[in-house]
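Colleague: Predicted model and sequence below, questions to follow.
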Amino acid sequence: MVRNRDTQDRFKEISISEFFEKNKHILGFDSPQKSMFMVVKEALDNSLDACEENSILPDISVSIRKDHTDQYTVTVEDNGPGINRQEIPKVFGQLLYGSRFHRLRQTRGQQGIGITAAILYGQITTGKVSNVKSKIAGDEVAFEFRLGINVKDNTANIVEEKPVIWNRVSGTSVSIPLRGKYQVGRQSIFEYLKETAVSNPNMQLLFTDPDNRKYIFNRALEVPSKPSVPVKPYPLGLEMGEVQSMAKESHEKSMWSFLTSDFNRISRNLASEILKLAGIEENKDPRQITLHEISALREAFTKVKMMPPPTDCLSPLGEEFIIKGLKNVYEDHHPSFYCRPVIRKASVYNGNPFAVEAGLVYGGDIRGDDQVRIVRYANKVPLLYQPGACAITRAISETDWRSYGLEQRQGTGIPFGPAIIFVHVYGVRLPYTSESKEAIANVEAIMEEIKLAMKIMGRSLKSFMNKKDKRQKINEKFRLVQSLIPEIARKAASIVNEDQPAVGPIISKIANVVFIKENTVQRDDSMEIEVEIINYSGEERSFTLYASPPTGDVPEEGISWNIDNLLPSESRKVSFTMKGKFIDYAGTDYYFKGIDPVYVQGGELLPSDWNVKSVKIEEGETQDEQ
């Protein structure tokens, strides 16, 4: 009896809150600096998810107040839809409580741990409770809670609850006291907010640091993020226990209706085919299915022809968000080239859809003697820690960048050069290396998709460099033609003691092309670009000229001019202005249509997929004048 009583004393059930109280490092709270970062991250992710799910343009403020030597208060406030009063204690005071875990869709948060764990960390390290305030649109008052977590029961410990007047239509504010350390650098809170602004160019963000310095990340896009749509489980990739749980919890009365109603991509005919292959009767109650039948069912899933999983459960950033985000945050580097974002089609890992999108910024005053900077994202969330363990870093390192113009020793490793590589991997259930979601696991299917995206971007970078070299050679040829032939004519005329002849027809006979030449003048906050078109051919020419600047505050679709009736030896000038300062301006790409490309130097034939919704600017007008 004594032995049994000892056994009962040794074995005790603990709650999930009590477990994480003793093992907070599992969730990323493993140092004062990183713990403060995690608190900001979890609160900000919640705010962005809430705004995205309700198609709201995010307006968020993050502030860090220093209370004592190593104690701070982190406050994150948003303009989201707000949280119902009855739900606040559960959302902020109960681990594993949330609305996302049981729905298959892409979100920043998933398990219902993050913000509650942040409040738990603050309680552990300071002994203080957190302050939560929330208001739903249409309500006259907001409700404010001072609450902590009862770790024994995994429930909220409400210290105070009261209605308050809050000058907001709707939103949520959470203030968490904690012990931490505020630092600057590559893995700092400021860098996290900066990279969050890249993936959320429709966000207005105000950050106040512990020294009361304010930083504003302005909204660059007035378009709400596209929310993902919940979907049913896809049959392929489900484990035995998952199918068993689904069968026991199903409301359907037969296996046939269970397959057609509770799974995705299983039609009526396909359900009959699957059950026939598995040797299961169509009318059998799902709750009576055996493990042997589940195994046969999973085997049958792999033998039938099934459509890929739907992709509306995914929420990509998209080309416009990526290019606007990169320009908005990295314009201070004055890049000479923004690669057109690569958007890969959705693939499948373990039965769940995922996809990769990427962008690249090159040139300007980005350091060229250092490794390229890699900015990693998973489900729109920046990944600042564990870069060496991440599939994104490994895939970039295993790509041979030498053929694309970047330096790389032996064709492996992170390349060197003045570039920033942006990679976003998004999916329903991404495989992370740990619960803190700091790196994506090295899954072959994901790495292959990243590598393919890198190769496409590499080819775009190489094409840009080739165009830059070609442009320099054309300008040199133009300079020689314009300087040497007039000089030869002048000397020849002086030798024979005759008047100098007109050199235009002579140049036309020699060159027989239309030259497109660019001249630039850099002002304090803008660059003036003058385009000179000279007809050094023997015939009158008419065509449309398009300009596609590599950067700057001009329409991405391009600028166009109608060059009509350009006579032989005649020149015409058009111009436009780009706002900003350009340290390493590599030139604008010029395209044309309506003329044989044999007769043009300095431009290329308009691609068939070009977006011709361009802004027409009349001769001599600048973009600002319009």
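Modeller: Yep, it's here. All of these numbers come straight from a predicted model, not from anything done at the bench.
Colleague: Where do the helices of the protein begin and end?
Modeller: 2-10, 16-22, 32-53, 88-93, 114-126, 189-199, 240-249, 255-262, 268-278, 291-303, 319-330, 391-397, 444-495, 504-511 (DSSP state H).
Colleague: for the nearest residue to residue 54 once chain neighbours are set aside, what are its contacts?
Modeller: Counting by Cβ to Cβ, 6 or more residues apart in numbering, residue 81 is the residue found nearest to residue 54 once chain neighbours are left out, at 4.6 Å. C-beta here means a position set from N, CA and C on the backbone, and glycine is covered the same way. Contact analysis of residue 81 by Cβ atoms under 8 Å, 6 or more residues apart in numbering lists 50, 53-54, 56, 136-137, 170.
Colleague: Make a PyMOL selection of the buried ones in these.
Modeller: Listed next is the PyMOL selection for buried residues among the contacts of residue 81, using 16 or more other Cβ atoms under 10 Å:
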select buried, resi 50+53+56+136+170
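Colleague: need the contacts of residue 81 in JSON lines with pLDDT and distance to residue 154, can you?
Modeller: Formatted as JSON lines, these follow (pLDDT from 0 to 100; distance: Cβ to Cβ, whole Å):
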{"residue": "50", "pLDDT": "89", "distance to residue 154": "23"}
{"residue": "53", "pLDDT": "87", "distance to residue 154": "25"}
{"residue": "54", "pLDDT": "90", "distance to residue 154": "28"}
{"residue": "56", "pLDDT": "93", "distance to residue 154": "31"}
{"residue": "136", "pLDDT": "94", "distance to residue 154": "26"}
{"residue": "137", "pLDDT": "92", "distance to residue 154": "31"}
{"residue": "170", "pLDDT": "94", "distance to residue 154": "29"}
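Colleague: between the contacts of residue 81, which is nearest residue 182?
Modeller: Lowest distance from residue 182 to the contacts of residue 81 (Cβ to Cβ) belongs to residue 50, with 25.9 Å.
Colleague: wait, that closest one sits on residue 171?
Modeller: No. Look at residue 50 against residue 171 with Cβ atoms under 8 Å: they stay out of range, at 9.0 Å.
Colleague: what sits in contact with each of these two?
Modeller: Taking Cβ under 8 Å, 6+ apart as the criterion, residue 50 and residue 171 both touch 78, 80.
Colleague: Of all the residues in stretch 59-74, which ones are buried?
Modeller: Here stretch 59-74 shows 59-64, 71-74 as buried, counting by 16+ other Cβ under 10 Å.
Colleague: farthest-separated two in those residues?
Modeller: Farthest-apart pair in these is 59 and 71; separation 28.4 Å (Cβ to Cβ).
Colleague: Export the contacts of residue 81 as CSV, with columns for distance to residue 519.
Modeller: Shown next, in CSV, are those (distance: Cβ to Cβ, whole Å):
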residue, distance to residue 519
50, 51
53, 50
54, 50
56, 46
136, 58
137, 55
170, 53
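Colleague: wait, what's in contact with the residue nearest to residue 315 when sequence neighbours are not counted?
Modeller: Spatially, and ignoring its direct neighbours in sequence, residue 315 is nearest to residue 228 (4.1 Å; Cβ to Cβ, 6+ apart). Taking Cβ under 8 Å, 6+ apart, we find residue 228 in contact with 105-107, 312-315.
Colleague: repeat that for 6 Å
Modeller: With contact taken as Cβ atoms under 6 Å, 6 or more residues apart in numbering, residue 228 is in contact with 105-106, 313-315.
Colleague: Lowest-confidence one in these?
Modeller: Scanning these for pLDDT, the low point is residue 105. It has 71.
Colleague: Contacts only, for it.
Modeller: Applying Cβ under 6 Å, 6+ apart, the residues contacting residue 105 are 228, 230, 313.
Colleague: one more time with 10 Å
Modeller: Contact analysis of residue 105 by Cβ atoms under 10 Å, 6 or more residues apart in numbering lists 53, 227-231, 312-315, 428.
Colleague: what's the answer for residue 93, then?
Modeller: Taking Cβ under 10 Å, 6+ apart, one finds 17, 115-116, 119-120, 129-130, 132, 145, 147-150, 154-158 in contact with residue 93.
Colleague: The same query, at a cut-off of 8 Å, please.
Modeller: The contact partners of residue 93, by Cβ under 8 Å, 6+ apart, come to 116, 119, 147-150, 155-158.
Colleague: which of these lies closest to residue 347?
Modeller: When the contacts of residue 93 are compared against residue 347 (criterion: Cβ to Cβ), the nearest one is residue 116, at 32.9 Å.
Colleague: Burial check on the closest one, number of neighbours?
Modeller: 26 (other Cβ atoms under 10 Å).
Colleague: what does residue 265 give?
Modeller: Residue 265: 15 neighbours (other Cβ under 10 Å).
Colleague: Point to the residue nearest the middle of the chain.
Modeller: By Cα atoms, centre = their mean, the chain has its centre lying nearest to residue 199, at 4.1 Å.
Colleague: which residue packs closest to that one, ignoring adjacent ones?
Modeller: residue 380 is the one closest to residue 199 (Cβ to Cβ, 6+ apart), at 5.0 Å.
Colleague: who's in contact with that neighbour?
Modeller: Going by Cβ under 8 Å, 6+ apart, residue 380 touches 48, 108, 199-200, 315, 317, 424, 426.
Colleague: again, but for residue 371
Modeller: When contacts are counted by Cβ under 8 Å, 6+ apart, residue 371 touches 414-416.
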